[in-house]
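K.L.:
fold the following for me, if possible:
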Amino acid sequence: MPTNSKTISVNGRQYKLSEFLPEMTSLADMLAKNAHLTPETALPPDTDFSDVDHQEVYAQIGALGVLPREALDIFSSVFAAAHLPNLAAALRRLSAVTQPRAMTATMHIFSLIPDPKHQPYLRKFLRNTDASKGLGNIIADGLIRGLTWGAPAGFDAHCTLIIHTLFWCDPTGDDGKASIDAEIRDKLAKVLDDILAREDVQAIPRVKRVDIERLRGLLDPVEAMPAAHFLDSTRQHLEGQVDMCAGDSLERMCDEEPALVCSRCKVVKYCGAACQNWHWKHGHKAHCHPTNY
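P.N.:
Predicted coordinates for the structure are as follows:
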């Protein structure tokens, strides 16, 4: 999980991680509601975010930036476990033509969830073919259409999100090479070339545009190699890096192969009961949530 700290210090006071859970759950539910992600709050067809909608969502996104890292990790786990299906459904029903503000904000929210290597709920969601089907096309098409938040700096986070769908989703595109259709990949490569040639992008520090370059670079071997060989081998490598006992940390080293899985969240594995009990007391209690995907 993102952290194994039993307590954290905020303004000189010590707090148990589990004490942040109710507040982070409330924040996650509020963001989903304000962004019209839930079925009950879904926008009517062809109705975009109002100015109030936009202000509320981006005020909350901004507020997340001041949370302690450990609290933000809990927020990410709660949001990913509870609201990823609603977020994906929102992306599928929104129109890039008539609802560009809502679609852009929804992709932005998606990008706030940490790397699947570190966020097991996102990893589980993307590996579920039915849950994640079509998202690669939608998010890549958003970049092609210019639906990127905070450009030019936002281009990198948008590209990171596309990379996640390529690396972790099954190759359900029309040619079986990737989760993104061939025509969209071709347009994406051209748009990335244009983005990388922009003066304002070139002025960004290299570390803040590395995934723009990385995405452009990985598209070439996707096209050059047969079937989905490149992305399949990449995913197998990444899965090998995360398939380990969750009791392993800087505080507690465990070299055993995982044989158990948490019966509630089903996203973390353990070599045995000792590591599972230790992890529950040192962080997992605040990150353990059932999912419907």
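K.L.:
buried sites along the worst-scoring helix or strand of the chain on mean pLDDT?
P.N.:
With mean pLDDT, DSSP states H and E as the measure, the helix or strand of the chain carrying the lowest mean pLDDT is strand 7-10 (a mean of 70). Buried residues in strand 7-10, counting neighbours by 16 or more other C-beta atoms under 10 Å, are found at residue 8. C-betas here are computed from N, CA, C, even on glycine.
K.L.:
what of stretch 99-117?
P.N.:
Under the neighbour-count rule (16+ other C-beta under 10 Å), stretch 99-117 has 99-113, 116 buried.
K.L.:
please apply the same query to stretch 60-80.
P.N.:
Of the residues in stretch 60-80, those buried (16+ other C-beta under 10 Å) are 61, 64, 67, 70-80.
K.L.:
identify, from those residues, the entry nearest to residue 41.
P.N.:
Residue 41 has its nearest neighbour among those in residue 79, at 15.2 Å by C-beta to C-beta.
K.L.:
does that closest one lie in a helix or a strand, and which?
P.N.:
Counting by DSSP states H and E, the element that carries residue 79 is helix 69-93.
K.L.:
quick check: what element follows that helix along the chain?
P.N.:
Tracing the chain C-terminally past helix 69-93 and defining elements by DSSP H and E, one meets helix 100-111 next.
K.L.:
what helices and strands are in contact with the following helix or strand past that following helix?
P.N.:
Towards the C-terminus, the helix or strand next in line after helix 100-111, according to DSSP H and E, is helix 120-127. Packing partners of helix 120-127 (3 or more C-beta pairs under 8 Å, 6 or more residues apart in numbering; DSSP states H and E): helix 69-93, helix 129-132, helix 154-168.
K.L.:
using CSV, lay out the ones you listed together with mean pLDDT and distance to residue 52.
P.N.:
Listed next are the helices and strands packed on helix 120-127 as CSV, based on pLDDT from 0 to 100; distance: least, C-beta to C-beta, whole Å:
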stretch, mean pLDDT, distance to residue 52
helix 69-93, 96, 18
helix 129-132, 97, 31
helix 154-168, 98, 22
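K.L.:
most widely separated two among the buried residues of stretch 60-80?
P.N.:
Farthest pair in those (C-beta to C-beta) is 61 and 70. Separation: 18.9 Å.
K.L.:
what's the burial count for the residue lying closest to residue 102 once chain neighbours are set aside?
P.N.:
With C-beta to C-beta, 6 or more residues apart in numbering as the criterion, residue 102 has its nearest non-adjacent residue at 4.7 Å, and that residue is residue 49. Burial measure for residue 49: 23 neighbouring residues, criterion other C-beta atoms under 10 Å.
K.L.:
now tabulate the helices and strands packed on helix 120-127 in a markdown table and tack on distance to residue 231.
P.N.:
Rendered in a markdown table, the data for the helices and strands packed on helix 120-127 read as follows (distance: least, C-beta to C-beta, whole Å):
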| stretch | distance to residue 231 |
| --- | --- |
| helix 69-93 | 20 |
| helix 129-132 | 14 |
| helix 154-168 | 6 |
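K.L.:
chain neighbours aside, what residue packs nearest to residue 133?
P.N.:
Nearest in space to residue 133, with sequence neighbours left out and distances taken as C-beta to C-beta, 6+ apart, is residue 172 at 5.8 Å.
K.L.:
check contacts around that neighbour.
P.N.:
The neighbourhood of residue 172, defined by C-beta atoms under 8 Å, 6 or more residues apart in numbering, consists of 129, 133-134, 179.
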